[in-house]
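>>> Build me a model:
(chains A and B)
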Amino acid sequence: MQPDDALNEAALDRELRRALSVEPSPEFVARVRMRIASEPARMPWRAPWLFAAIAVAAAIIAAIVVQRGSGGPSLGEATPLLAARAVTPSAGALPAVGSHKALPDVVSAFRRTVSGPAEAGHYVRRDPEILFDPRESAALRALISGVRSGRLDLTPVLRASTTTAMDLPLTQDIDIPVITIEPLAPFGAEGVRQ
Amino acid sequence: MGLTEDIEREFDARLRESSTLAFRVAYGVLRHRQDAEDVAQDAFLKAYRSFNQLRDRGRFRAWLVRMTWRMAIDRQRGDRRRSARDRSPEGLRHIAQAHVAQGFSPATVDDLAARERAAQLWLAIDALPEKLRVVIVLASIEEHDVGEVARLLDLPEGTVKSRLFLARQRLKEQLQCNPTTR
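The predicted structure follows:
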């Protein structure tokens, strides 16, 4: 490096230092302190703990709400109590049940859906509601309890009501006479207007 | 609360020892006292919010310098026109003339040459690429040596040294075009 260059470099550094030797105003630090003090009451170094605590509390509250929502009454549905009972689609399996073995399932499904009026309000459902006549339900209940206790024997009823393919009368052959098409007889002179 | 008070005291100590550094870094970009104070203040506020990660002194200074630089650059870009007007030699001449009109002493007017030299120097600094600019500004603040600049910017010392050399070369070239700076 030439002496002239070194001199230039020193001069340049001096100029740079002079240009940057500015001081903030005396109240700068005080202003920063005030600004920090005016921050909403927060403890930044505790934020991770705080966030974790809030997250845990939120999870617990959510769990409680979900648990209560699935078991407890819903406010919107507690008031209107219908005279008729609702039947879930699972109860639609009733007509297909022909054996005694499947009856307890049907009864339990029936109990779930057709219980007392107070419990009907507790039942939270999302599917479209199927109305069920109370007399019909009472009759069904009596029928089921009769079958279960053995007072009623449905075997002859089932036998009488079911017609198998073997019981159907035989069909007779249908005689279809042969269709013959007679040729048309000549009809005077063709092309003559009448 | 003991722990909170300790941390508050610690942050206050950092604020006192680094306030001038942050202000000068911002001033090195903006050349406007009020804007530089505003930016430095914002940087300290951010530092306060993240102080749990910045309690180490060296880490705090480096983070503060980089954050202040970045925020000042952003501010400068957002307010380019005003900054350019204030920094131009014409702008400085206008300010000096206004001072004379307001009855400032002739010594202040004599200071115009130095002001113009400074204006030329700032124009030359502004013409540098950002990588070179930050190195030369930091090296000129508080007599930081190469090692300290390297720590502040989280760069290898060799990189800082070569950038510093390049920056000086370019500044000299720029200033040699203007005889008022010699």
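>>> Nearest the geometric middle of chain B, what residue?
B:Gly28 (2.3 Å; CA atoms, centre = their mean).
>>> Tell me if I'm right that it and B:Val137 touch.
Yes: taking CB atoms under 8 Å as the definition, B:Gly28 is a contact partner of B:Val137 at 3.9 Å. C-beta here means a position set from N, CA and C on the backbone, and glycine is covered the same way.
>>> Which neighbours do the two have in common?
Common contacts of B:Gly28 and B:Val137, defined by CB atoms under 8 Å, 6 or more residues apart in numbering or on different chains, comprise A:Leu20, B:Ile125.
>>> picking that back up, how close does the residue nearest to the centre of chain B sit to B:Leu15?
According to CB to CB, to the nearest Å, B:Gly28 stands 20 Å off from B:Leu15.
>>> repeat for B:Met71
According to CB to CB, B:Met71 stands 16 Å off from B:Leu15.
>>> and B:Cys177, how many neighbours does it have?
Neighbour count of B:Cys177, defined by other CB atoms under 10 Å in any protein chain shown: 9.
>>> Give me the mean pLDDT for stretch A:18-37.
Across stretch A:18-37, pLDDT averages out at 90.
>>> err, stretch B:138-152, not the other one
pLDDT averaged over stretch B:138-152 gives 91.
>>> Count the residues that sit near B:Glu37.
22.
>>> wait, it sits on B:Phe23?
Yes: B:Glu37 is within contact range of B:Phe23, at 6.3 Å (criterion: CB under 8 Å).
>>> anything in contact with each of these two?
Common neighbours of B:Glu37 and B:Phe23 (criterion: CB under 8 Å, 6+ apart): A:Pro24, A:Phe28.
>>> The chain: helices as residue ranges?
All of this is about chain A. In chain A, the segments counted as helices under DSSP state H are A:3-20, A:28-37, A:47-71, A:75-78, A:103-113, A:117-122, A:134-149, A:155-161.
>>> switch to chain B, that's the one I care about
B:2-30, B:33-49, B:57-78, B:80-87, B:89-101, B:106-110, B:112-126, B:130-140, B:146-153, B:157-176.
>>> can you tell if the longest one touches chain A?
Yes: using CB under 8 Å from any CB of the partner chain as the criterion, contacts between helix B:2-30 and chain A involve B:Thr4, B:Ile7, B:Phe11, B:Asp12, B:Leu15, B:Arg16, B:Ser19, B:Thr20, B:Phe23, B:Arg24, B:Tyr27, B:Gly28.
>>> Could you tell me the angle between that helix and helix B:146-153?
Using axes from the mean of the first three to the mean of the last three CA atoms, to 10 degrees, the inter-axis angle of helix B:2-30 relative to helix B:146-153 is 110 degrees.
>>> looking at chain A, which helix or strand is least sure?
Scoring the helices and strands of chain A by mean pLDDT, DSSP states H and E places helix A:75-78 at the bottom, with a mean of 47.
>>> Oh, that last question was meant for chain B, not what I typed.
Here the helix or strand of chain B ranked lowest by mean pLDDT, DSSP H and E is helix B:89-101, holding a mean of 54.
>>> Kindly report the residues of chain B close to chain A.
Residues of chain B lying near chain A (CB under 8 Å from any CB): B:4, B:7, B:11-12, B:15-16, B:19-20, B:23-24, B:27-28, B:33, B:36-37, B:40-41, B:44-45, B:48-52, B:117-118, B:121-122, B:136-137, B:139-141, B:143, B:168, B:171-172, B:175, B:181-182.
>>> again, only this time at 7 Å
B:4, B:7, B:15-16, B:19-20, B:23-24, B:27-28, B:37, B:41, B:44-45, B:48-52, B:117-118, B:121-122, B:136-137, B:140-141, B:168, B:171-172 (CB under 7 Å from any CB of the partner chain).
>>> re earlier: lowest-confidence stretch among the helices of chain A?
helix A:75-78 (a mean of 47).
>>> my guess is B:Leu54 meets B:Arg61, correct?
No: between B:Leu54 and B:Arg61 no contact is recorded; they are 9.3 Å apart, counting by CB atoms under 7 Å.
>>> Quickly list what's touching both of these two.
Counting by CB atoms under 7 Å, 6 or more residues apart in numbering or on different chains, B:Leu54 and B:Arg61 have no common neighbour.
>>> what's the burial count for B:Pro156?
10.
>>> Number of residues surrounding residue 65?
I went with chain A, as the question did not name one. 10.
>>> I was thinking of chain B, sorry if that wasn't clear
Neighbours of B:Val65 using other CB under 10 Å come to 25.
>>> cool, and B:Gly147?
Neighbours of B:Gly147 under the rule other CB under 10 Å: 11.
>>> give the contact list for the closest residue in space to it that isn't next to it in sequence.
Once flanking residues are discounted, B:Gly147 sits nearest to B:Glu157: 5.9 Å by CB to CB, 6 or more residues apart in numbering or on different chains. By CB under 7 Å, 6+ apart, the contact list for B:Glu157 reads B:Val146, B:Gly147, B:Ala150.
>>> returning to what we had before: distance to A:Val22 for the helices of chain B - can I get that in JSON lines?
Listed next are the helices of chain B as JSON lines, based on distance: least, CB to CB, whole Å:
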{"stretch": "helix B:2-30", "distance to A:Val22": "5"}
{"stretch": "helix B:33-49", "distance to A:Val22": "7"}
{"stretch": "helix B:57-78", "distance to A:Val22": "14"}
{"stretch": "helix B:80-87", "distance to A:Val22": "14"}
{"stretch": "helix B:89-101", "distance to A:Val22": "15"}
{"stretch": "helix B:106-110", "distance to A:Val22": "17"}
{"stretch": "helix B:112-126", "distance to A:Val22": "11"}
{"stretch": "helix B:130-140", "distance to A:Val22": "11"}
{"stretch": "helix B:146-153", "distance to A:Val22": "19"}
{"stretch": "helix B:157-176", "distance to A:Val22": "19"}
